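Asker: here is my input; please provide its structure:
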Amino acid sequence: MAADLTVTAETLKPARRRRAVFGLSWRILGLVVVAVMTAEVLIFLPSIARFRVVYLEQLIESGTLAALALDATPDNMVTEQVKRSLLDNARVDAVVLVEPNKPKRALMNIDPRPSMPGYNLKEQGFFSLIWDALEAMAHDGQRYIRVGGESMRLPKAMVWIVADEWPMRIAMYGYAGRILALSILIALFTAALLYLGLRWLVILPLQDLSSAMTAFRHAPEEAGGERAPTRRNDEIGVVDREFQNLQRELRASLRQK
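Answerer: Residues are numbered from 1 along each chain as shown. Next up is the predicted model:
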């Protein structure tokens with residue numbers, strides 16, 4: 001007898017690979033982590049900008065002290081060795097102190113150049129500070145910057161400094177790393193708490209209801225799978241009670257047949 005060579009269309013279809021199935025609880029967990037990390041980023045941007053401003057303000061203060069040391073010298077002049085020592089202690093390469101009705105005082109290891117990026121802390125706004133902080137972190141290598149601002153010791157004076165941006169950038173990297181580690185811990189802790197709470201309040205009741213629906217679909221006439229009435233008054237409780245009412249009505253209809 002000839003072999004049956006009939007091949008159905010279903011047998012010709014390639015076997016589909018099973019995709020990884022992520023349940024509702026895992027999706028909620030991922031959503032919570034993304035939401036918390038997004039909030040942390042929105043908090044991080046102003047904080048890194050503030051860190052940079054405070055760092056530069058400290059350089060302005062130390063540069064002001066170095067420039068005021070000229071008042072204790074005759075003719076506002078110091079030796080090359082003293083100048084280098086003052087600037088090294090101030091962590092700047094040049095400082096110019098402009099005070100109303102007084103001669104300009106300056107200490108310079110490096111002359112300010114127009115090619116150096118310049119920042120006036122008195123004139124920068126919120127978004128420009130954030131952009132400058134991100135731009136500083138994105139830059140690589142040594143770069144000298146000119147920064148102007150006011151000193152707490154001389155509120156009416158304008159202080160300009162020239163400093164290497166690299167040490168500040170290293171400090172910003174360290175600060176960003178600490179913020180990132182803290183953000184990850186907060187995100188995981190928050191996500192774990194919400195995951196456990198949602199699993200207890202939502203996921204487990206939905207799993208029980210899903211199992212009851214599946215069992216009822218396979219054996220609608222059997223009454224052994226009835227569950228105790230739920231005491232919940234929320235949306236899940238309403239769905240559970242309505243499903244139990246539907247089960248009883250369908251079983252009653254099936255028995256009548």
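Asker: number of nearby residues for Ile170?
Answerer: Neighbourhood size, Ile170 [other C-beta atoms under 10 Å]: 10. To be clear about C-beta, it is placed using only N, CA and C from the backbone, and glycine gets the same treatment.
Asker: would you check how far apart the residue positioned nearest the centre of the chain and Ile184 are?
Answerer: In the chain, the C-alpha closest to the average C-alpha coordinate belongs to Val41, at a distance of 2.3 Å (C-alpha atoms, centre = their mean). Applying C-beta to C-beta, to the nearest Å, the value for Val41 to Ile184 is 12 Å.
Asker: one more: Ile60?
Answerer: Per C-beta to C-beta, Ile60 is found 34 Å from Ile184.
Asker: looking at these two, which one has more neighbours?
Answerer: Using other C-beta under 10 Å, the more surrounded residue of Ile60 and Ile184 is Ile60, with 23 against 14.
Asker: can you tell me which helices and strands the helix or strand encompassing the more buried one packs against?
Answerer: Under the criterion of DSSP states H and E, Ile60 resides in helix 24-68. Counting contacts by 3 or more C-beta pairs under 8 Å, 6 or more residues apart in numbering; DSSP states H and E, helix 24-68 packs against helix 80-90, strand 94-98, strand 105-108, helix 126-138, strand 144-149, strand 158-164, helix 165-198.
Asker: of those, which is nearest Gln244?
Answerer: Of all those, helix 165-198 sits nearest to Gln244, with 23.6 Å by C-beta to C-beta.
Asker: so after that closest one, what's the next helix or strand?
Answerer: On the C-terminal side of helix 165-198, the closest following helix or strand by DSSP H and E is helix 204-218.
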